[in-house]
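Engineer: have a look at this prediction, sequence included:
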Amino acid sequence: MKIQEADAKSLLLAQGLPVPPWIVARTPAEVEAAAGTFLDKGAIKVVVKAQVLVGGRGKAGGVKLASSAAEAREVGSKILGMDIKGITVKKVLIGAAADIVKEYYLGAIIDRGSRRITLMASAEGGVEIEEVARQNPGAIHRVSADPLLGLLAFQARALGLAIGLRDPLLNPFVTIALGLYATMKANDADLVEVNPLAIVAETASDGSSTQRLVCLDAKITLDDSGLARHPGLEALRDLDEEDPTDAQARKLGINFIHLDGTIGCMVNGAGLAMTTMDLVKRYGGEPANFLDVGGGARRDTVAGAMELILADPKVEAILVNIFGGITRGDEVAAGLIEARAQQTRDVPMVVRIVGTNAAEAARLLKEASFETATSLDAAAEKAVALSKGAAR
Ligand code: GDP
Ligand code: MN
């Protein structure tokens, strides 16, 4: 689950990281008021930032500075409603504009190769890290945390040194790096990214200027499977931006992942679903989705799953592969019949149901003139052939 910058910043703050204050606004009037608050406190400029769950907002025109509350309102009214990578901006973050001296990248991820939390840092901050990885992979430095010992201060220091940080900013960097690691652990996050981690210049009331490191941007993705352990984090899900298909799947309790192919798959069990996808590929097709209806799926779940598959206009054929255990074959068959009666688009379908109540399922499907198969190979082959027929 991705969360918005403002929420990510709250999670960083909770671990004691240096994040400048902010206010979230949904209307130009709110933007003006928020900007006034920061300007009254002595800010020379304010920054107005689109809150959308995609990167590269700056480049897309979603991050702007303003020198007065009226100008902030104007900028805010342009950003609110703006389309960034297909998402309409519904809220913005306002803060005192930082006087940036230099931008760094700092991120924590779960590295599946080493099965450890890995911290990545680069002196080429501000730009997307994928871009740096492509253009100048040597500019990205990494350290991996021992699962038992955690990230150790000397590792964080080595990372800071590698990106060119020295006293007096090295120790603050170590604290921030350890804080990113703590944020990963505390929230079961998959990714915690601060880009830019910036050196900013700050002028005190006596006119003296100091430099410090602050987290100017924050991006966090949470492990969906870990959410059960953090009931409070569920509230951070941004329903404004959730894909309606994903929302529907979550409501039905179905595991659904959209893919690029043309063959819709409805399967029970994650392992069987993956095997089914492999076989679709073996017979020359491409799966349109991964879908695990779960154990004991009832007819309404099956009908709901069918709706999800058919919502994808690319789907040209559907392969249903159910191994009845707790799930009853006849219940699934009834769900399929019900779904077909309601569906608005006619897509060829092959059904394979084995196991519990398979005979009853077969009878129901035959009565309803469904195309069936008994072996998985035959079912996959047929579905691929039907999709090619449909494409022609
Ligand atoms: P992103 O483009 O979605 O990653 O949004 P960021 O929050 O990282 O902002 C993009 C860029 O805008 C940053 O890399 C900075 O160069 C600039 N920026 C963001 N906040 C400020 C600020 O407070 N002051 C100044 N001067 N620039 C900022
Ligand atoms: Mn950024």
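Structural biologist: Looks like it arrived, so ask away. Ligands and ions are numbered 1, 2, ... in the order given.
Engineer: secondary structure element for the residue nearest to residue 315 when sequence neighbours are not counted, which one?
Structural biologist: Spatial nearest neighbour of residue 315, chain neighbours left out: residue 264 (4.3 Å); criterion: C-beta to C-beta, 6 or more residues apart in numbering. Placement of C-beta: from N, CA and C, glycine included. Assigned by DSSP states H and E, residue 264 belongs to strand 263-267.
Engineer: distance from that strand to the middle of the chain?
Structural biologist: 23 Å (C-alpha atoms, centre = their mean, to the nearest Å).
Engineer: now do stretch 63-73
Structural biologist: 30 Å.
Engineer: state the distance from the one residue in the stretch 151-300 of the chain that gets nearest to ligand 2 to ligand 1.
Structural biologist: Residue of the stretch 151-300 of the chain nearest ligand 2, by C-beta to the ion: residue 217 (3.5 Å). Separation of residue 217 from ligand 1 (C-beta to the nearest ligand atom, to the nearest Å): 3 Å.
Engineer: which residues sit in contact with that residue?
Structural biologist: 5, 194, 195, 196 (C-beta atoms under 8 Å, 6 or more residues apart in numbering).
Engineer: spit out the contact partners of the third one.
Structural biologist: Read it as residue 195. Contacts of residue 195 (C-beta under 8 Å, 6+ apart): 103, 105, 106, 107, 125, 126, 128, 129, 217, 219.
Engineer: need those in JSON lines with pLDDT, secondary structure and distance to residue 180, can you?
Structural biologist: Formatted as JSON lines, these follow (pLDDT from 0 to 100; DSSP: H, G, I helix; E, B strand; the rest coil; distance: C-beta to C-beta, whole Å):
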{"residue": "103", "pLDDT": "98", "secondary structure": "strand", "distance to residue 180": "16"}
{"residue": "105", "pLDDT": "98", "secondary structure": "strand", "distance to residue 180": "12"}
{"residue": "106", "pLDDT": "98", "secondary structure": "strand", "distance to residue 180": "6"}
{"residue": "107", "pLDDT": "98", "secondary structure": "strand", "distance to residue 180": "8"}
{"residue": "125", "pLDDT": "95", "secondary structure": "coil", "distance to residue 180": "14"}
{"residue": "126", "pLDDT": "91", "secondary structure": "coil", "distance to residue 180": "17"}
{"residue": "128", "pLDDT": "90", "secondary structure": "coil", "distance to residue 180": "18"}
{"residue": "129", "pLDDT": "92", "secondary structure": "helix", "distance to residue 180": "14"}
{"residue": "217", "pLDDT": "98", "secondary structure": "coil", "distance to residue 180": "13"}
{"residue": "219", "pLDDT": "98", "secondary structure": "strand", "distance to residue 180": "11"}
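Engineer: quick one on the thing from earlier: give the bridge partners for the residue nearest to residue 315, please.
Structural biologist: residue 318 (DSSP bridges).
Engineer: do the same with residue 213
Structural biologist: Checking residue 213 by DSSP bridges, which sets the bridge assignment, gives partners residue 199.
Engineer: next one: residue 46
Structural biologist: residue 66, residue 96.
Engineer: pretty sure it sits against residue 72.
Structural biologist: Yes. The pair residue 46 / residue 72 is scored as a contact, 5.3 Å apart, by C-beta atoms under 8 Å.
Engineer: need the overlap of contacts for the two.
Structural biologist: Common neighbours of residue 46 and residue 72 (C-beta under 8 Å, 6+ apart) are 34, 35, 66, 94.
Engineer: return the subset of those residues lying in strands.
Structural biologist: 66, 94 (DSSP state E).
Engineer: any idea of the mean pLDDT in the strand holding residue 264?
Structural biologist: The average of the pLDDT scores along strand 263-267 is 97.
Engineer: make 545 the first number, not 1, from now on.
Structural biologist: Right, with 545 as the first residue, what we last looked at is strand 807-811.
Engineer: what ranges do the helices span in the stretch 795-936 of the chain?
Structural biologist: 814-826, 843-854, 873-886, 902-911, 920-935 (DSSP state H, counting those that start in this stretch).
Engineer: also the stretch 595-744 of the chain?
Structural biologist: Under DSSP H, counting those that start in this stretch, the stretch 595-744 of the chain gives helices at 613-623, 673-679, 697-706, 714-731.
Engineer: okay, the nearest residue to residue 838 once chain neighbours are set aside: pLDDT?
Structural biologist: Nearest residue to residue 838, sequence neighbours excluded (C-beta to C-beta, 6+ apart): residue 797, at 6.1 Å. On pLDDT, residue 797 comes in at 89.
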